Structures are given as C-alpha cells and as structure tokens.
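In: Got a sequence here, can you build the structure:
(2 chains)
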Amino acid sequence: MNNAIAASDLVKTYPKGKVKALDGLSLEVEEGTVLGVLGPNGAGKTTCVRVLATLLKPDSGSATVAGVDVIKNPDQVRKLIGLSGQYAAVDETLTGWDNLVMFGRLYHLSNSQAKARATELLEQFKLTESAKRAITTYSGGMRRRLDLAAALIVRPKVLFLDEPTTGLDPRGRLDMWDAIKDLVAGGATLLLTTQYLEEADQLADDIIVIDHGKVIANGTSDELKAQVGGEKLEVTVAPSSLLATKAALELITSHEAQVDEQFNRISIAVAGGSAALSDVVRALDGRSIEILDLALKRPSLDDVFLALTGHVAEIEEEAEVKPKGRRR
Amino acid sequence: MSAIKDGLIITKRQLLQLSRVPEVLIFSTIQPVMFVLLFRYVFGGAIDTPGTDYVQFLMPGIFVQTVAFTLATTSVGLAMDMTKGLIDRFRSLPIARSAVILGRTLGDATLNIVVLLVMAITGVVVGWRPSSGIVSILAGFLLLMLFGYAMSWIGILIGLSVRDARTANNLVFLIVFPMTFLSNAFAPTTAMPRVLQYFAEWNPVSTMVAACRELFGLENAFGVTAGSFPSENPVLMSLVYIAIIMAILVPVSVAKYKRTSSK
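Out: Below you'll find the predicted structure:
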C-alpha cells in the first residue's frame, strides 16, 4: 500500500522562547486509513498539522502528502488536501451557503458547480435548514460541521482535522463523530489530532501519541490500551465486605485487585468492558455482597501519559501557535 | 491572472458582507457626514478662508479625510480575519497568496465609491458647488479613489502587524488624526507655527486636499503663503505620493503576508 502522508524527522522551533514544537517527528499514514495523533496541549499536534498542510515551513525534515513534497511543491499539495481546524475558519458574517459557494469558487469550481456542491454538502452535514442564516447564529457544533464541509468541497485525497471536537458539547461531539465516520467509510485518508483517547479509539485505525514534539508510542488502539492497562472496574462496598469482594473479583478476572481502604474501593483491570460488568454484578450478588457503587473506567489520556512517560501530561499552552481569537 | 480572479472572489465576499450586515456601511458613512455638518455649521464660521466661502474649502478636506480612513477599514478587517483562523483556510487553498489581500484592498476601495457618493450629496445639500467641468470633477474623485486604495495597502501592513483588531483601530487613529489635522484640510496652514507649516505643506493629505480643490475649481487651492514645491504642484505631488506608497507597500505587504500565519 502507498502512504498518503509520510513525514520524516520534522523539526520546528519557534523563535519566541526557543520552544521545540516538533523535535524529529516522523509518521506515516497509509492510503484510505485514519491516523489519530494523540497528545496534550502543546505536544506539537497543531504544528504538525500546519506543516503537513503547507501553512508552516519546518526547520528541517521532509514530508509528502499524496506523494507530493510539502516543502518543494506546496501549491500542488494545496490542491489535494482539505483542512479543518479547531476554530471554525469561515466568514461569520456570511451565511453557510455564502461560505461554501465562496470557497468552492476559490477552489476554481465554476459558479454553477460551486452552488451544486454547496447544496450537496449542506445536505450531507444536515445544515440545509440553516443554509441561509449567518454563521453567527450557528451553534458550536454546526459551525464545526460547516467548517468540515468547507474542507471537503473538492473531495480532497487527504484530510487534516485538527481537534475537530475540542470545545463541543457531547451532542455536538457525537454529530461530528458521525460525520467523520461517514467520510472514513467513503475511503478518505485522514489525519486527526485529538486530546481524547476515546475519540482516537472511535475514529482512528492507528494512533500515535506525541509529547514535546516527538512520537512516544504508536500502534492500534488495542495495542495502546494493552500498554496502558485497558479498562478498570471500580467497586465500592461496605468495609466489612472488602476482602470477600477482592477475592471474588480476582477469581473472575484473574488479575490482581488494588484495595483503597480509605474509600472502601477496589479497582481491577478487566477485559471485555460491559460483559465483565454483568459477570461481576452476578458474582457479588451470588455472594450476597451489597454493591454501593460500580464504575467502569476507560483509560484517559492522562492514564496513557502516566503509563508511557511516567508523568502526567504537562500543559504548555504557549508552545503552540494558535489563533488567539477565542471569541465566537 | 488567476491572482486577480481569485482576488475578485474575495472582493465579492466583502460586498456580500455589506449586504448581510448593512449597519457597517451605514456607520462608515454617518461619521463623515457628521464631520461635514460639524465643520460647516459649528467651526466653519470661526475659520477665515480668504477668497472663498468655507464650505467650498472644507469639502475636499473631508473627502480626503474620509478616504484616508480606508486605512482603518482595511487594517481592522484584515486583523479580524487573522485572529479568527479564516486566514489559515485561505492559505490552505490552491490560490495565489496575494489574492486575499488584493481582494481586500479592492473591496475596501469599492466601498469608498458609496461613501464618497453619500458625502458628495451631503455636500451639495449644505452648499458645496464645484465650479470646474465634469471631467475635472470626475478626475478629482478618481484621485480620491486612488489615494484610498494606496491607504488600503498601508492598512494591510498594519493589519498583518498588530495583535488584534482593536489595536489596529487605535493605531490607525493615532496615524490618521494628526495626518488630517496637521494639514490644510480644515483650516489654512498660514495660522500654524512655522515648523508645523513645513510639515503641513509636505503632508500627502495636504497635497491631496489641494489637488482636489484645484480639480473642483477653487483658485487658491492650498492656503495663502505656501510657496513650497508640493503646494505649487499638488496634483503631481499627490500622484507621486500615491506611486511611492504603492511601490513600497505592495511588495512589503505581500511578502509579510506570505510569512505571517494566523496569530
């Protein structure tokens, strides 16, 4: 298979504060697959996308997108890619329709082609009803969907999504995920950055974890989870039942359980998620142990970081250059 | 040239904005109209303009001041695009890098047509009577449009240099107010201290105002005592200034735009 995106040894240092936003980053994305780039704020995710999308020149290293050199032929690359960032990059005073037609014309579609494509995309992203309203009246989720639509006007070979759901409410996030899943089903090659392991898990075939501008882990979602320890079950019971519960849990899962006596809580690694949950409930019920609280914990980005680096994710906002305007 | 074709799409975007948010156009014409009324009826009576009544003297000054504020329109508009990430999208499109700023300057220049028209009508209502022929009058307005376009390119550089739209706005006022008031726009320069007179005589705003007065049929276009080269040749000097501004600012702004990413 061919690589739709290949980057090797990218280095980018920002002059201010001499922060190394990218420190020898390499990655490959196979055609028709989705790569999730996972990392905390300031890890270099946005810089990575900006370099690959020709918005930023790296200090050193090389990259190709759809076989075209990003540094030598940026104009050629721009014809092949779509970019949607964490801030809806559309003209807010105009309507959704105006925006899509304008961007269509800037992609050199004819007037009628641009209009036809706008109609199609508004339909696809469930925005037809709001097509003639100014973006200022849109919800955060609608803006993000319009932004994504604008990135898809010429059916790009390669799509970059920079934190597509950051700042969205759960409903907006689910809508966005659906939209992205449809694209993936349509065979798009996608590079997606995210701060959420769950999002990478839902959408990506492969995941790389980056920190301080370097790849610190890569693999499929399952491989990463195996490294991190997968899901954990937390059971809270009365103090008198702690030991009996521990024994029962260890019997079912054949893992070792940790007891937190302060909170009367036992946590244990489980495989199989909700299936394990019902096994545990049945087993404890059979032993007449009353469950006060029961929770299935998925590993978070923090857990990934703790497992991979031994430290929690450091927040370094300044390290990334981002649009300042957070006003919406 | 595809840069021009793409630029015109950006221009169309700005005109579309005006139709979606008509308040912008209304406010950008109200301010100059207020200036006309203020100077015509409040200050005008106290300012002595030998050889002509004040309104003939004033209107070219207000026209120039108004097009000078294209600097604000452009720099604020661009600074807003820069902070909203929209510029990133433009930069990721397969269009010439110069298209975005070319389109913006053309859009802002087009807006000037509307504003100048509203002001000319206001002027006529309060007694402005250009006495030259129609060709000269149109030449005067063409010169104003050119000057506005040159100002727009300075606005591009400011919009690219500042942190946000508010800073752009403040900075522009700091530039445009002294430029327009330390000139012959509202009062003859003869009453100024000698040092200021030198500044006022070489000030491009003054040469523009004097050029317009000349083209609109006023005989003593500059003021009274001025004997410097710019005061003797205002049309020529205005064109030279416009050419110098464009020759420097266009390449500098385009280069800066290519280097700058969204902040």
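
In: hey, let's count contacts and neighbours off CA atoms from now on
Out: Noted.

In: any low-confidence regions in chain A?
Out: Residues of chain A that meet the criterion pLDDT under 70 lie in A:1, A:17, A:229-230, A:273, A:300-302, A:309-328.

In: What residue in it comes nearest to chain B?
Out: A:Ala89 (4.3 Å; Cα to the nearest Cα).

In: can you pull the buried residues of the helix or strand of chain B with the lowest mean pLDDT?
Out: Evaluated with mean pLDDT, DSSP states H and E, the helix-and-strand set of chain B has its lowest mean pLDDT in helix B:229-232, which scores a mean of 83. By neighbour count on 16 or more other Cα atoms under 10 Å in any protein chain shown, the buried set for helix B:229-232 is B:Pro230, B:Ser231, B:Glu232.

In: May I see those arranged in CSV, with distance to A:Asp23 as well?
Out: Converted to CSV, these look like this (distance: Cα to Cα, whole Å):
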residue, distance to A:Asp23
B:Pro230, 57
B:Ser231, 60
B:Glu232, 63
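
In: ok, those vs A:Leu100, which is closest?
Out: Using Cα to Cα, B:Pro230 comes nearest to A:Leu100 of those, at 49.4 Å.

In: Am I right that the closest one is in contact with B:Tyr241?
Out: No. Contact criterion Cα atoms under 8 Å: B:Pro230 and B:Tyr241 do not qualify, at 10.4 Å.

In: Wasn't A:Leu168 part of a strand?
Out: No. Judged by DSSP: H, G, I helix; E, B strand; the rest coil, A:Leu168 forms no part of a strand; its state is coil.

In: Who are the contact partners of it?
Out: Counting by Cα atoms under 8 Å, 6 or more residues apart in numbering or on different chains, A:Leu168 touches A:Gly140, A:Gly141.

In: Distance check, it against A:Leu174.
Out: A:Leu168 is 9 Å from A:Leu174, where distance means Cα to Cα, to the nearest Å.

In: A:Ala185 too?
Out: Counting by Cα to Cα - A:Ala185 and A:Leu174 are separated by 16 Å.

In: higher neighbour count, those two?
Out: A:Leu174 (15 against 10; other Cα atoms under 10 Å in any protein chain shown).

In: which helices and strands sit right next to whichever helix or strand that one is part of?
Out: Per DSSP states H and E: A:Leu174 is located in helix A:170-185. Judged by 3 or more Cα pairs under 8 Å, 6 or more residues apart in numbering or on different chains; DSSP states H and E, the packing partners of helix A:170-185 are helix A:140-151, helix A:197-203.

In: can you list the ones you listed in TSV and add distance to B:Ile245?
Out: Converted to TSV, the helices and strands packed on helix A:170-185 look like this (distance: least, Cα to Cα, whole Å):
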stretch	distance to B:Ile245
helix A:140-151	36
helix A:197-203	52
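
In: follow-up on the earlier one: just the closest of the buried residues of helix B:229-232 to A:Leu292, please.
Out: Using Cα to Cα, the buried residues of helix B:229-232 come closest to A:Leu292 at B:Pro230, 89.9 Å.

In: Quick check: that closest one vs B:Val64, distance?
Out: Distance from B:Pro230 to B:Val64, by Cα to Cα: 16 Å.

In: show me the contacts for the residue in the stretch 51-200 of chain B that chain A sits nearest to.
Out: Nearest to chain A, among the residues of the stretch 51-200 of chain B, is B:Leu86, at 4.3 Å (Cα to the nearest Cα). With contact taken as Cα under 8 Å, 6+ apart, B:Leu86 is in contact with A:Ala88, A:Ala89, A:Val90, A:Asp91.

In: can you do 10 Å?
Out: A:Gly85, A:Tyr87, A:Ala88, A:Ala89, A:Val90, A:Asp91, A:Glu92, A:Pro323, B:Met80, B:Ser262 (Cα atoms under 10 Å, 6 or more residues apart in numbering or on different chains).

In: again with A:Leu52
Out: So A:Leu52 contacts A:5-7, A:10, A:46, A:58, A:62-65, A:69-71, A:74, A:77, A:81, A:160, A:191 (Cα under 10 Å, 6+ apart).

In: quick one: the helices in chain B?
Out: Under the criterion DSSP state H, chain B contains helices at B:2-20, B:22-38, B:54-68, B:70-83, B:86-92, B:98-125, B:134-161, B:165-181, B:194-202, B:204-215, B:229-232, B:234-259.

In: Which positions in the stretch 51-200 of chain B make contact with chain A?
Out: B:80-97, B:99, B:163-164 (Cα under 10 Å from any Cα of the partner chain).
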